[in-house]
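Trainee: Fold the following.
(one chain, ligands or ions: 1)
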Amino acid sequence: MDAEALRRYGHLFVDWIADYMRDIQSYPVLAQVKPGDIRQALPSIPPAHGEEMEHILADVERVIMPGITHWNSGNFMAYFGVTSSGPCILADMLTGAFNVSRMLWKTSPAATELEQVTLDWLRQMLGLPGPLFGMIHHNSAIANALAAAREMVPGLHVRQKGLAGRKEMPRLRFYASEEAHSSVEKAAILLGLGQESLRKIETDADYCMNVEALDQAIREDLRSGWWPFAVIATVGTTSTTSVDPVEQIADMCERYGLWLHVDAAYAGAAAIMPEMRWILRGCERADSLAINPHKWLFTSFSCSVFYTRRPQALRSAFSLTPDYLQNNEGHSGQALNLMDYDASLPHGFPALKLWMTLRYFGQDGLVNNIAAHCRLARQFSRWVEFSPTFELLVPTRFSVVCFRTHPAGMHNEEQLDRLNERVLNRVNAGGRTFLSSSRLKGRYTLRLAIGNLRTTEAEICVAWEELQKALRLEMGSIPS
Ligand code: PLP
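Mentor: Below is the predicted model:
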């Protein structure tokens, strides 16, 4: 494709994207296709000859669009609401044009250095004390934190000697609350530590890690031959957005010499609001910390920020330079080679979209939008609280509301779980809004998660209407 063709198609595609963004809320938010529909609509044999871009774009509309669940719609309030904002979409175009890999400083000085500057801006916006080493990953990189933590355990040398067949190897243990994200467990699988290496610590009535239970678990494990090496605290758990007591956990980590990783993937962004700074209290003592701008900082997938006070530990875990990547800058310590801090070669230019997004909104713009999301969540919570047929299940701390329908006279918990599940399925099948669910201490909860810039009072009204309608229909269909 020559430059003129790129220009022509670029205009066509940008127009298409702008129209899509304008009309996004007219689409059913959850894709209305069945498994296999998209696959069937696509040719099973590869294209023998090149095709015109107009033709390909027409197929995007005809075949791909029906299979899109519109994460960028204001009616998307499932899991965590997210936004790929305008500056970010444009940055993604530039990123495609540059197509750099920032494995070495010299393979992209701008990508490497912009990442350091942008992450330092973000650190300041969040009120975290510096200096912190920062790097962007596709996801919250808990395995990297654990790999670094493991390398810091004296005498283990896992990087060199591995785990298999070592009789002298202690059984490694790390801790996270029972509300921690499943990626914590997956990190244990990935690192060959085994799921048993993760001990889940019970939570209190507010779904926060019970620090006394943590202390007890560590002591028990030490007595029975485990080797505790890390704790993962969560600031904003996935189901309820609870905040673990990081300061007390940091005390515990200091007492037992454990690596503290803070998973603030979703809620960390809220610390940008001065009144919410407290949520990261204690994080200045953490060894590492993750915050996902692709969740609540209006940046497209994937952009997860990993900070650490101990970059040397990451290097111990991952630094390795083959002959074909030897370079003077890294060797002499003049420049940073990001590949020394990750298991894979860091490709792409993720800082560009974060940099543009932070600049476009500015700190005040980000604060205003995040605060607006929290206000909307509180408004929805009030509707729930004042409703005779719905109830709030946990206090709304950020922009996620956990609630359920609980019609008068219905006390059987299993029946309530089933009713709530049916209500949710009905709401989502309608296509006007998309919510999700989780379980709190075993009980089914509905979740409404606000994080999209297009979510306004109108969208939460739609969700509320759809819930009431679904409940009426369900109650009508339940024989009394
Ligand atoms: N941590 C928390 C608290 C989460 O809620 C999630 C996802 O929802 C993750 C980690 C993993 O997210 P990602 O894979 O986007 O980094």
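
Trainee: For the closest residue to residue 1 other than its chain neighbours, report the pLDDT, please.
Mentor: Nearest non-adjacent residue to residue 1, counting by C-beta to C-beta, 6 or more residues apart in numbering: residue 9, 7.2 Å away. Just so you know, the C-beta spots here come from the backbone N, C-alpha and C atoms, and that holds for glycine as well. Here, the pLDDT recorded for residue 9 equals 97.

Trainee: hang on, residue 9 in a helix?
Mentor: Yes - counting by DSSP: H, G, I helix; E, B strand; the rest coil, residue 9 is located in a helix.

Trainee: Neighbours of residue 145, how many?
Mentor: By other C-beta atoms under 10 Å, the residues close to residue 145 number 30.

Trainee: What's the first helix or strand after the one helix or strand it maps to?
Mentor: For residue 145, the element it lies in under DSSP states H and E is helix 142-151. Moving toward the C-terminus from helix 142-151, the next helix or strand (DSSP H and E) is helix 158-161.

Trainee: mind exporting that next one as PDB, just the C-alpha atoms?
Mentor: Output in PDB follows, covering the C-alpha atoms of helix 158-161 (Å, rounded to 0.1, in the frame of the first residue of the first chain):
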ATOM      1  CA  VAL A 158      15.600 -20.800  40.900                       C
ATOM      2  CA  ARG A 159      16.500 -18.900  37.700                       C
ATOM      3  CA  GLN A 160      19.700 -21.000  37.400                       C
ATOM      4  CA  LYS A 161      18.800 -24.300  38.900                       C
END
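
Trainee: Give me the contacts around it.
Mentor: Outside helix 158-161, the residues that touch it by C-beta atoms under 8 Å, 6 or more residues apart in numbering are 150, 151, 316, 317.

Trainee: any idea how far the residue nearest to residue 1 lies from the ligand?
Mentor: Separation of residue 9 from the ligand (C-beta to the nearest ligand atom, to the nearest Å) stands at 31 Å.

Trainee: pLDDT (mean, whole number) over the helix holding residue 145?
Mentor: Averaging the model's pLDDT scores along helix 142-151 yields 97.

Trainee: name the helices or strands packed onto it?
Mentor: Other helices and strands packing on helix 142-151, by 3 or more C-beta pairs under 8 Å, 6 or more residues apart in numbering; DSSP states H and E, are helix 158-161, strand 171-177, helix 182-190, strand 226-234, strand 259-263, strand 288-291, strand 304-308, helix 311-318.

Trainee: Is the ligand within reach of that helix?
Mentor: No - for a cut-off given as C-beta under 6 Å from any ligand atom, helix 142-151 has no contacts with the ligand; the smallest distance is 7.3 Å.

Trainee: Please state the offset of that helix from the chain centre?
Mentor: A distance of 18 Å separates the centroid of the chain from that of helix 142-151, by C-alpha atoms, centre = their mean, to the nearest Å.

Trainee: again with stretch 152-167
Mentor: Relative to its parent chain, stretch 152-167 has a centroid offset of 31 Å by C-alpha atoms, centre = their mean.

Trainee: Flag every buried residue along it.
Mentor: By 16 or more other C-beta atoms under 10 Å, the buried positions in stretch 152-167 come out as 152, 153, 156, 158.

Trainee: Can you mark which positions in whichever strand or helix holds residue 415 are buried?
Mentor: Take DSSP H and E as the rule and residue 415 turns out to sit in helix 413-430. Buried positions in helix 413-430, judged by neighbour count with 16+ other C-beta under 10 Å: 416, 417, 419, 420, 422, 423, 424, 426, 427, 428, 430.

Trainee: Just list what that helix packs against, helices and strands only.
Mentor: When contacts are defined as 3+ C-beta pairs under 8 Å, 6+ apart, helix 413-430 sits against strand 400-405, strand 436-440, strand 443-449, helix 457-477.

Trainee: Need the mean per-residue confidence for the shortest one.
Mentor: The average of the pLDDT scores along strand 436-440 is 97.

Trainee: could you point out where the stretch 201-350 of the chain is predicted with low confidence?
Mentor: Nowhere does the stretch 201-350 of the chain drop to pLDDT under 70.

Trainee: which bits of it sit near the ligand?
Mentor: By the rule C-beta under 6 Å from any ligand atom, the part of the stretch 201-350 of the chain lying against the ligand is 234, 236, 237, 238, 263, 265, 266, 292, 304.

Trainee: go with 8 Å
Mentor: Counting by C-beta under 8 Å from any ligand atom, the stretch 201-350 of the chain comes close to the ligand at 234, 236-238, 263-267, 290, 292, 294-295, 301-302, 304.

Trainee: Residue in the stretch 301-450 of the chain with the shortest distance to the ligand?
Mentor: Closest residue of the stretch 301-450 of the chain to the ligand, C-beta to the nearest ligand atom: residue 304 (4.7 Å).

Trainee: so that residue touches residue 289, yeah?
Mentor: No - assessed by C-beta atoms under 8 Å, residue 304 is found out of contact with residue 289, at 11.2 Å.

Trainee: Tabulate the buried residues of stretch 152-167 in CSV, adding columns for distance to residue 190.
Mentor: Formatted as CSV, the buried residues of stretch 152-167 follow (distance: C-beta to C-beta, whole Å):
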residue, distance to residue 190
152, 18
153, 18
156, 17
158, 13
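
Trainee: Quick check: closest non-adjacent residue to residue 391.
Mentor: For residue 391, ignoring the flanking residues on the chain, the nearest one in space by C-beta to C-beta, 6+ apart is residue 406 at 4.7 Å.

Trainee: Return the backbone torsion pair for that neighbour.
Mentor: Dihedral pair for residue 406: phi -150, psi 80, per degrees, to the nearest 10.

Trainee: Give me the neighbour count for it.
Mentor: When counting by other C-beta under 10 Å, one arrives at 17 neighbours for residue 406.

Trainee: Identify the residues contacting it.
Mentor: Per C-beta under 8 Å, 6+ apart, neighbours of residue 406: 389, 390, 391, 416.

Trainee: If we use 10 Å, what do you get?
Mentor: With contacts defined as C-beta atoms under 10 Å, 6 or more residues apart in numbering, residue 406 is in contact with 387, 388, 389, 390, 391, 393, 416, 419, 420.

Trainee: do the same with residue 171
Mentor: Counting by C-beta under 10 Å, 6+ apart, the residues that residue 171 touches are 193, 194, 196, 197, 221, 224, 225, 226, 227.

Trainee: Run through the bridge partners of it.
Mentor: Residue 171 has these beta-bridge partners by DSSP bridges: residue 226.

Trainee: which of the buried residues of stretch 152-167 lies closest to the ligand?
Mentor: Nearest to the ligand among the buried residues of stretch 152-167: residue 152, at 22.3 Å, using C-beta to the nearest ligand atom.

Trainee: mind listing what that closest one touches?
Mentor: By C-beta under 10 Å, 6+ apart, the residues touching residue 152 are 229, 230, 257, 258, 259, 287, 310, 312, 313, 316, 317.

Trainee: Please report the distance of it from residue 257.
Mentor: Note on residue 152: its distance to residue 257, by C-beta to C-beta, to the nearest Å, is 9 Å.

Trainee: Likewise for residue 180?
Mentor: 21 Å.

Trainee: Which one's more surrounded, the two?
Mentor: residue 180 (23 against 11).

Trainee: Grab the nearest non-local neighbour of the more buried one.
Mentor: That would be residue 234: by C-beta to C-beta, 6+ apart, it lies 5.2 Å from residue 180.

Trainee: No further queries at this time; thank you.
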